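Enquirer: sequence and predicted structure, then a few things I'm wondering about:
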Amino acid sequence: MPTWFENNLPTEFHLPTIIKGPWTREARQRALDREILQHYIEYFGKAVKTRNWSPWHNLPIAEMREWGHRLNEETVHLIEGFLGVEEYVGDYVLDSLALFHDNRTRRNMQLQWGAEETKHGVAWELVLKHSQVRTEEQLEEYMQKVREHHWTLKGHPGADTPLGVSCYAMVQERATFYNYQELRSRIREEYGLPEKPTAEESKRGYEVGASEAFRVVGIDEIAHHGIFLKVVLSYIHYFPSMTFDVLQNVFEGFRMPSLNLIPNVRHFLRAVRRTDIYSGPIHREKIHNPVLKALGLEDNDAFERAVLLARKLPENLGPDAVSLSRFGEWVVSFTEAPAPA
Ligand SMILES: [Fe+2]
Ligand SMILES: [Fe+2]
């Protein structure tokens, strides 16, 4: 009988006849690779159908010019700092491409993800320029300084493997989404607009000026969180012990990328402090805990329990033999179906 996964593949992806066998490491890796391919196909389809926007063509540039004088100096420093972070996209892709040289699905996923990320730096450049808070020369000088440095995965514990990079991206994308939502709220307040879109904005289908840019980029960021979350959930399904060890490592050493490399970093960090947009407690409440919930866990105690107990799971159990409760306890059953070849 075909599995749910096989039933949901487009016809051209129907799998060849398979031979059943034990759940060896190789069998689990093969099944994981197939599942990740399916995630990527769904992600790609949605990305090109529903998030296919252009920063030069689809943002309300004239309104940015009209409303830009209302932006607060701290808000401008925050947008500029996020421009710096986004502008390291070439290095983010470069590092992960080296990691995925022999993995076609993950290589393509990183390329697609990177192509989407390239739009975000352009969007922040356009916001700063057309709000008339930075000149073209200032922006060129800023981006020149960005290019003087190279970002690498090295400063991010646990993020240097295919699994680790997925765990890291899952958290980082969620944090970026949160930061951009907060910045969008600030911009709306400074524009004198309510938190939620006005009736007029809803009717025409886009928000005012820079608020629209943050809305559109935010949708990309939460979609990025979603694809890496799905990859991590699949890893948990096939390699629970390893995945929870890596998750613990990545969570413990997590910090946002490139912050030590961006130009004018002191202005940016001062703006972060003054606006209270991001801090350790905010990270725990708004990013770490929601990520745990998305992984199916109640809280951090449940996560720590899951890490400890995962180390005791028997080797070579199939994915359907193991399930995780939301309190971090593993349930093992020894009557599962054999592995596909
Ligand atoms: Fe981004
Ligand atoms: Fe992103």
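Expert: Okay, I see it. Residues are numbered from 1 along each chain as shown. Ligands and ions are numbered 1, 2, ... in the order given.

Enquirer: what about the residue in the chain that ligand 2 sits nearest to, is that helix, strand or coil?
Expert: Scanning the chain for the residue nearest ligand 2 gives His224, at 3.8 Å (criterion: CB to the ion). C-beta here means a position set from N, CA and C on the backbone, and glycine is covered the same way. For His224, the secondary structure call by DSSP: H, G, I helix; E, B strand; the rest coil comes out as helix.

Enquirer: who are the contact partners of it?
Expert: Going by CB atoms under 8 Å, 6 or more residues apart in numbering, His224 touches 113, 116, 169, 173, 176.

Enquirer: who in the protein is up against ligand 1?
Expert: Within the chain, the positions adjacent to ligand 1 are 117, 120 by CB under 5 Å from the ion.

Enquirer: which element is the residue most central in space within the chain on?
Expert: Centrality entry for the chain: nearest residue to the mean C-alpha point is Glu173, 2.7 Å, by CA atoms, centre = their mean. Under DSSP states H and E, the secondary-structure element containing Glu173 is helix 162-191.

Enquirer: for that helix, which positions count as buried?
Expert: Within helix 162-191, the residues that qualify as buried by neighbour count (16 or more other CB atoms under 10 Å) are 163-184, 186-188, 190-191.

Enquirer: related to what we said a few turns ago, out of the contacts of His224, which touch ligand 2?
Expert: Subset of the contacts of His224 in contact with ligand 2: Glu173, counting by CB under 5 Å from the ion.

Enquirer: just the closest of the contacts of His224 to ligand 1, please.
Expert: With CB to the ion as the yardstick, the closest approach to ligand 1 among the contacts of His224 comes from Thr176, at 5.7 Å.

Enquirer: which residues sit in contact with the nearest residue to that closest one once chain neighbours are set aside?
Expert: When the adjacent residues along the chain are set aside, Thr176 lies closest to Glu221, with 4.7 Å between them (CB to CB, 6 or more residues apart in numbering). By CB under 8 Å, 6+ apart, the residues touching Glu221 are 173, 176-177, 180.

Enquirer: re the thing from before, any idea how far the residue nearest to the centre of the chain lies from Leu71?
Expert: From Glu173 over to Leu71 the distance is 25 Å, taken as CB to CB, to the nearest Å.

Enquirer: okay, now the unreliable bits of the stretch 101-250 of the chain?
Expert: Judged against pLDDT under 70, the stretch 101-250 of the chain has no low-scoring part.

Enquirer: for ligand 1, what's its nearest residue on it.
Expert: With CB to the ion, the shortest gap between the stretch 101-250 of the chain and ligand 1 falls at His120, namely 3.7 Å.

Enquirer: looks to me like that residue is in a helix.
Expert: Yes: under the criterion used here (three-state DSSP), His120 sits inside a helix.

Enquirer: check contacts around it.
Expert: Here His120 is in contact with 86, 89, 217, 220 (CB under 8 Å, 6+ apart).

Enquirer: can you check the pLDDT for the second one?
Expert: Pointing back at Val89 there. The predicted local confidence for Val89 comes out at a pLDDT of 95.

Enquirer: I'd say it and Ala115 touch.
Expert: No: contact status for Val89 versus Ala115: not in contact, 9.2 Å apart, counting by CB atoms under 8 Å.

Enquirer: what about the two, which has more around it?
Expert: Relative neighbour count places Val89 above the other of Val89 and Ala115, with 20 against 12, counting by other CB atoms under 10 Å.

Enquirer: up against ligand 2, what does this structure have?
Expert: Residues of the chain found near ligand 2 (CB under 5 Å from the ion) are 173, 221, 224.

Enquirer: for the second one, helix, strand, or coil?
Expert: At Glu221 the chain is in helix, as set by three-state DSSP.
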